[in-house]
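**Student:** for reference, the sequence and a predicted model appear below.
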Amino acid sequence: MSEILVQNVDGVATVTLNRPQQRNAVTYDMWRRLADIFTEFDRDPQVRSIILTGAGDDFSAGADISEFDKVREGAGESKRYEVAVDGAGDAIYAVSKPTIAALQGYCLGGAAHLAMSCDFRIAARSAVFGIPAARLSIVYGVSATRKLFSLVGVTAAKRILYTGRRFKADEAIDIGFIDGVADESLAAAYDLAAEMAENAPLTIKGAKFILNGCARGQLDPEAAEQLIDEASASLDYIEGRKAFKEKRPPRFLGK
Ligand code: COA
């Protein structure tokens with residue numbers, strides 16, 4: 001059985017971490033595979049949005065610590081390992097389509113990086129969060145820490161990283177770490193994907209590029225202007241106006 005399951009139904013792709021016996025702990029190979037999967041889905045015009053979730057009771061208990069002796073020994077290997085972790089997080093962050101993390105059970109350490117790389121995080125009430133890097137003498141990476149900072153601010157980020165303590169969904173929503181709580185997080189994620197599915201992909205692509213640039217403090221205004229122009233010159237812009245005049249819902253193609 002594959003350690004990562006993928007499917008695409010009606011434009012909503014689902015990526016499922018699938019090692020429930022190990023609480024979906026993510027191996028070195030899985031970090032690399034995740035980067036490829038999200039990059040491929042970004043290029044696939046049949047995919048309108050992507051949901052990331054875990055099989056069974058948990059989203060994921062983070063990096064697979066049991067293989068650290070083999071793949072994350074000392075500074076050199078650790079660097080290589082962290083490149084793979086950041087490669088997955090940054091590939092998710094770079095997807096030009098909406099991404100939603102559907103969370104339940106544990107969401108710890110590197111798994112929090114995956115969740116924070118998505119546009120939205122919806123958690124079941126069972127969800128338990130934490131970044132226990134301080135229990136392993138690991139410095140949480142720059143890319144992940146930047147995402148944490150942009151979600152919760154500096155003081156809450158320090159509290160999470162210095163203490164390594166676990167916290168639940170109600171606290172996670174209070175500090176802005178997640179943006180939704182639901183009885184069934186996956187069902188709520190599909191509802192949110194459906195809500196966005198009818199909208200113009202080029203609008204979402206442009207909005208995401210600008211907002212991610214603002215969040216990172218590195219907005220490329222020229223690239224943003226190109227996306228704005230792309231939308232203005234698109235068939236979808238013609239369709240949007242036509243549909244308005246004809247009093248019917250628009251049918252957007254993303255071009
Ligand atoms: N890496 C590798 N294996 C993991 C894992 C991880 N991050 N998290 C859980 N597992 C494995 C356990 O070793 C156990 O395997 P076993 O049945 O072969 O012993 C199995 O998953 C079930 O976990 P278990 O620890 O028995 O469940 P629990 O309910 O007692 O505790 C956790 C759950 C998540 C609190 C605990 O497993 C834990 O602290 N995991 C590490 C979390 C962590 O530090 N993540 C950050 C990594 S950067």
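**Tutor:** That came through fine.
**Student:** can you pull the contacts of T39?
**Tutor:** With contact set as Cβ atoms under 8 Å, 6 or more residues apart in numbering, T39 has these partners: 91, 94. Quick note: C-beta positions are derived from backbone N, CA and C, even for glycine.
**Student:** what do you get for K97?
**Tutor:** Applying Cβ under 8 Å, 6+ apart, the residues near K97 are 41-42, 47-50, 201, 204-205, 208.
**Student:** do that again at 6 Å, thanks
**Tutor:** Shown in contact with K97 (Cβ atoms under 6 Å, 6 or more residues apart in numbering): S49.
**Student:** for it, what are phi and psi?
**Tutor:** phi -120, psi 160 (degrees, to the nearest 10).
**Student:** checking T203 next. Helix, strand or coil?
**Tutor:** helix (DSSP: H, G, I helix; E, B strand; the rest coil).
**Student:** quick check: closest non-adjacent residue to it.
**Tutor:** Nearest non-adjacent residue to T203, counting by Cβ to Cβ, 6 or more residues apart in numbering: A231, 6.2 Å away.
**Student:** element containing that neighbour, please.
**Tutor:** Secondary structure from DSSP states H and E places A231 in helix 221-232.
**Student:** likewise for V181?
**Tutor:** Going by DSSP H and E, V181 is part of strand 180-182.
**Student:** contact partners of that strand?
**Tutor:** With Cβ under 6 Å, 6+ apart as the criterion, strand 180-182 contacts 122-123, 169, 173, 188.
**Student:** in helices, which of those residues fall?
**Tutor:** The helices, defined by DSSP state H, take in 169, 173, 188 from these.
**Student:** of those - the most surrounded one?
**Tutor:** Greatest neighbour count in these, by other Cβ atoms under 10 Å, goes to A169: 25 neighbours.
**Student:** mind listing what that residue touches?
**Tutor:** Per Cβ under 6 Å, 6+ apart, neighbours of A169: 123, 125, 127, 181.
**Student:** and the buried ones among these, selectable in ChimeraX?
**Tutor:** To isolate the buried members of the contacts of A169 in ChimeraX, using 16 or more other Cβ atoms under 10 Å:
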select :123,127,181
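**Student:** need the contacts of A169 in JSON lines (columns: pLDDT and distance to the ligand).
**Tutor:** Shown next, in JSON lines, are the contacts of A169 (pLDDT from 0 to 100; distance: Cβ to the nearest ligand atom, whole Å):
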{"residue": "A123", "pLDDT": "98", "distance to the ligand": "16"}
{"residue": "R125", "pLDDT": "96", "distance to the ligand": "17"}
{"residue": "A127", "pLDDT": "98", "distance to the ligand": "12"}
{"residue": "V181", "pLDDT": "98", "distance to the ligand": "20"}
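**Student:** a markdown table for the contacts of A169, including distance to A215?
**Tutor:** Output for these, formatted as a markdown table (distance: Cβ to Cβ, whole Å):
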| residue | distance to A215 |
| --- | --- |
| A123 | 20 |
| R125 | 27 |
| A127 | 23 |
| V181 | 22 |
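**Student:** what number of residues are in the vicinity of the residue in the stretch 151-255 of the chain that the ligand sits nearest to?
**Tutor:** For the stretch 151-255 of the chain, the residue closest to the ligand is R166, as judged by Cβ to the nearest ligand atom, at 7.7 Å. When counting by other Cβ under 10 Å, one arrives at 15 neighbours for R166.
**Student:** and L161, by the same measure?
**Tutor:** Neighbour tally, L161, other Cβ under 10 Å: 18.
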